[in-house]
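Chemist: let's see this in three dimensions:
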Amino acid sequence: MNDKLRKECKLLKALQGVSYAEIAEYLEIGASSFYNWLCGSYDFGEEKQRRLSDIIATISEVEIE
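Modeler: Take a look at the predicted model:
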């Protein structure tokens with residue numbers, strides 16, 4: 001699931017211009033921690049994965065409309 005979320009975050013940035021710092025802020029973690037997760041240094045637990053998935057879905061819906 002972490003790898004899937006990493007890909008979705010990269011797609012958000014590439015296709016919709018959403019910054020990683022913005023995603024980290026929504027997730028309530030530091031930007032450097034988010035970058036470390038994005039590079040595969042560690043995995044998020046189930047709760048963070050669920051929150052990030054919700055954030056991605058929300059941002060995608062807003063950007064599409």
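
Chemist: shaky segments in the protein?
Modeler: Flagging of the chain using pLDDT under 70 yields the residue ranges 63-65.

Chemist: what segments of it are helices?
Modeler: Listed in chain order, the helices of the chain (DSSP state H) span 2-16, 20-27, 31-38, 46-64.

Chemist: now do the buried residues in the longest one.
Modeler: By neighbour count on 16 or more other CB atoms under 10 Å, the buried set for helix 46-64 is 48, 52, 55, 56, 59, 60. In short, each C-beta sits where N, CA and C put it, glycine included.

Chemist: now the third one
Modeler: Counting neighbours by 16+ other CB under 10 Å, one finds that the buried residues in helix 31-38 are 34, 37, 38.

Chemist: now do stretch 3-18
Modeler: 5, 6, 8, 9, 12, 18.

Chemist: wait, residue 56 touches residue 7, no?
Modeler: No: using CB atoms under 8 Å as the test, residue 56 is too far from residue 7 to be in contact (10.4 Å).

Chemist: save the buried residues of helix 46-64 as TSV, and put in distance to residue 29 too.
Modeler: Formatted as TSV, the buried residues of helix 46-64 follow (distance: CB to CB, whole Å):
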residue	distance to residue 29
48	8
52	10
55	11
56	15
59	16
60	20
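
Chemist: run the chain-centre distance for stretch 5-18.
Modeler: 8 Å (CA atoms, centre = their mean, to the nearest Å).

Chemist: C-alpha coordinates for it, PDB please?
Modeler: What follows is stretch 5-18, C-alpha atoms only, in PDB (Å, rounded to 0.1, in the frame of the first residue of the first chain):
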ATOM      1  CA  LEU A   5       0.500   5.800  -2.200                       C
ATOM      2  CA  ARG A   6       4.000   6.900  -3.200                       C
ATOM      3  CA  LYS A   7       3.100   6.600  -6.900                       C
ATOM      4  CA  GLU A   8      -0.200   8.400  -6.400                       C
ATOM      5  CA  CYS A   9       1.600  11.300  -4.600                       C
ATOM      6  CA  LYS A  10       4.100  11.500  -7.500                       C
ATOM      7  CA  LEU A  11       1.200  11.600 -10.000                       C
ATOM      8  CA  LEU A  12      -0.500  14.400  -8.100                       C
ATOM      9  CA  LYS A  13       2.600  16.500  -8.300                       C
ATOM     10  CA  ALA A  14       3.200  15.700 -11.900                       C
ATOM     11  CA  LEU A  15      -0.300  16.100 -13.200                       C
ATOM     12  CA  GLN A  16      -1.900  18.600 -10.900                       C
ATOM     13  CA  GLY A  17       1.100  20.600  -9.500                       C
ATOM     14  CA  VAL A  18       0.400  19.700  -5.900                       C
END
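
Chemist: thank you kindly, that will do.
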